[in-house]
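Trainee: Just to be clear, the model below is a prediction. Sequence and coordinates:
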Amino acid sequence: MEDEEDPIVEEIPVFLSKNLQDNLYLFQYPTKTEIANHDDAIVVNCCVKPFSQEVKVDFGLNIESKHYDRFKGEQFAVAADGKNTYGAVPPKGAERPTFKRGLMDKQAFTSTRSLTDISKYVVGIYTDKEVHLSPLASMVQLRPSLSHFDKEDKRRKAEQKAQNDDIEDEEVAQQVTVKFARGTSAGAAAKKTKEQRGTYDNFVQRIVEEPWCETYWHARDTPTAELERQKMYSSNHQSNQSLALPAGEYLSKLLPHDEHVQQVDVANVLPVYNKAMLKTMPLLEQLRVLLKDARALSFSDILHILSEHIDPHVSADKVLALLPQVGILLHGNWVPKSEVVYPEKMLSHANGVSAEQMIRARDYILFRFSRTSYLYRNQVMTATQLPPAETLDVLKTVARVNSTKRWELLLPPDKEFEQKHAELVQRQELHWRATEQSYSEMDWAKETKRVRKRSTRKSESQQPQQTTTTMPPPAVHLPAEA
């Protein structure tokens, strides 16, 4: 594009600051709106787990507000701690009460990691016509924690267990089997411990057992917060020589090649076309792209799309002459051919089924829809012998599920087009009749699998004579004479 068409309005320098790249966290509050946020909230306590990168923040509640139910707050505090803890000093080594004032005066928020890979995310500040970017150490989402309810359930279970133990006056003698483990060497024990560390359960256990480290919370308008905020500005204002590199070399420096990245099979990548690209294609390719993307279109919709968005002077007769090469007429509407939906050498995403099998299954579905108005997924899966995932993908290319859990065509029949173009309808019907035998054999194979073969062995309890019945072969439909 020429410079006259896209002039440069302003140049803004971009700087990268790495002063906080190991300690900069981004907090997200999915349960809070823009109006009710925590900008001016009072933080009672704040803790972090450095290893697992978890954060817990206790926000103070306004107990003097008219919307605060003091009676309910006292009930929550008693339920969590078991008694009124106002003014009580916990014994040494005992667990600290959840609510020290004897009522629920704070709301705890705990974090979960929203993304595991945040290497592509930064925080930016725009000031004095400069942009300063800082990499993130973690991105977490803070949600309300109802741990006081968990403490209440745990305390009730402990009290109930203690009562049950008091009821049992006498101990019941039980037989106990004692097993002695063989002595193991120090190397084997170390190896076993190393294997246990790599398990998922052990990893979760280490996260749970990691102690909380109390930290100080500095409000956004305090001098300490302002000093930390200044670290987000880059102190190096030297010009970057990479901007003077050629476009190809600059792109390679910006996105270096990674040998560990898995290569993508070009045959399985579906191309994306825009309106400008469609205008450069011949009419046949345009029809191929439209039918494949829309899955089903009426002839009037095809003409409307072509005339309004691609070629205003398109001829209806020319479109009608080219449509049978890329589409199939089904109850007055046009659907893409199976070869268009599943190109050669293409494999399904779920189980790697070949394009040939997918084409045969879709042709069977199209034939069945030409004879009936709805299908069942199990019926199609049994006849085509496709896995459930592939069967669902093939059905979605031409049909949808209705309220009765049956698959029907995406568009209702277009009777007006069928009456106006009876020759095309008759030509498509001749094609269906020519291929009907192969699809009937698929149904025949499906039905024979349900018939259990009777045993030819005779026993004294059986009748002297037994007869077995078999299903007749499928009828052969000869093409009707024109």
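Mentor: Now that the structure is in, tell me what you want to look at. Numbers count the residues shown, from 1 in each chain.
Trainee: If you tally nearby residues, what's the number for the residue nearest to Met358 when sequence neighbours are not counted?
Mentor: Spatial nearest neighbour of Met358, excluding adjacent residues (C-beta to C-beta, 6 or more residues apart in numbering): Tyr342 at 4.5 Å. No exception for glycine: its C-beta is placed from N, CA and C like everyone else's. Using other C-beta atoms under 10 Å, Tyr342 has 25 neighbouring residues.
Trainee: Can you give me the pLDDT of Tyr342?
Mentor: pLDDT, Tyr342: 90.
Trainee: likewise Ile328?
Mentor: pLDDT recorded at Ile328 is 91.
Trainee: which regions of the stretch 101-250 of the chain sit below the pLDDT cut-off?
Mentor: Along the stretch 101-250 of the chain, segments meeting pLDDT under 70 span 165-176, 178-200, 237-243.
Trainee: can you give me the helices for it?
Mentor: In the stretch 101-250 of the chain, the segments counted as helices under DSSP state H, counting those that start in this stretch are 147-167, 186-197, 200-209, 223-230, 247-254.
Trainee: nearest to Lys49, of those?
Mentor: Nearest of these to Lys49, taken as C-beta to C-beta: helix 200-209 at 7.4 Å.
Trainee: could you redo the helices of the stretch 101-250 of the chain as TSV and give each row distance to Lys279 and mean neighbour count?
Mentor: TSV is the format used below for these (distance: least, C-beta to C-beta, whole Å; neighbours: other C-beta atoms under 10 Å):
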stretch	distance to Lys279	mean neighbour count
helix 147-167	61	11
helix 186-197	61	10
helix 200-209	53	10
helix 223-230	51	11
helix 247-254	27	10
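Trainee: Dump these to TSV, plus distance to Val272.
Mentor: Output for the helices of the stretch 101-250 of the chain, formatted as TSV (distance: least, C-beta to C-beta, whole Å):
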stretch	distance to Val272
helix 147-167	48
helix 186-197	45
helix 200-209	38
helix 223-230	42
helix 247-254	21
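Trainee: looking at those helices, which is closest to Thr435?
Mentor: Ranking the helices of the stretch 101-250 of the chain by proximity to Thr435 (C-beta to C-beta) places helix 247-254 first, at 51.2 Å.
Trainee: Centre of the chain to that closest one, how far?
Mentor: 32 Å (C-alpha atoms, centre = their mean, to the nearest Å).
Trainee: Which helix or strand lies directly C-terminal to it?
Mentor: helix 275-279 (DSSP states H and E).
Trainee: Mind giving me the packing neighbours of the following helix or strand past that next one?
Mentor: Following helix 275-279 in sequence order, the next helix or strand is helix 283-294 (DSSP H and E). In terms of contacts (3 or more C-beta pairs under 8 Å, 6 or more residues apart in numbering; DSSP states H and E), helix 283-294 is packed against helix 299-305, helix 316-326, strand 333-336, helix 338-341.
Trainee: Would you mind listing the buried residues in helix 283-294?
Mentor: Within helix 283-294, the residues that count as buried by 16 or more other C-beta atoms under 10 Å are 283, 286-292, 294.
Trainee: Distance to Phe76 and pLDDT added to those residues, as CSV?
Mentor: What follows is these, written out as CSV (distance: C-beta to C-beta, whole Å; pLDDT from 0 to 100):
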residue, distance to Phe76, pLDDT
Leu283, 71, 89
Gln286, 66, 89
Leu287, 67, 90
Arg288, 65, 90
Val289, 61, 90
Leu290, 61, 90
Leu291, 62, 90
Lys292, 59, 89
Ala294, 57, 89
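Trainee: Now compare those and name the two farthest from each other.
Mentor: Leu283 and Ala294 (16.2 Å).
Trainee: So, low pLDDT: which residues of the stretch 251-400 of the chain?
Mentor: Those would be 257-271, if you go by pLDDT under 70 across the stretch 251-400 of the chain.
Trainee: pretty sure Ser147 contacts Ala108?
Mentor: Yes. Proximity of Ser147 to Ala108 meets the contact threshold set by C-beta atoms under 8 Å, at 6.4 Å.
Trainee: hey, what's in contact with both of these two?
Mentor: Counting by C-beta atoms under 8 Å, 6 or more residues apart in numbering, Ser147 and Ala108 have no common neighbour.
Trainee: what about the helices in the stretch 351-482 of the chain?
Mentor: Remark: helices assigned in the stretch 351-482 of the chain by DSSP H, counting those that start in this stretch are 355-371, 377-384, 388-396, 415-420, 422-448.
Trainee: Quick one: list the elements packing against the second one.
Mentor: Pointing back at helix 377-384 there. Against helix 377-384 (3+ C-beta pairs under 8 Å, 6+ apart) you get helix 355-371, helix 388-396, helix 422-448.
Trainee: No further questions, thank you.
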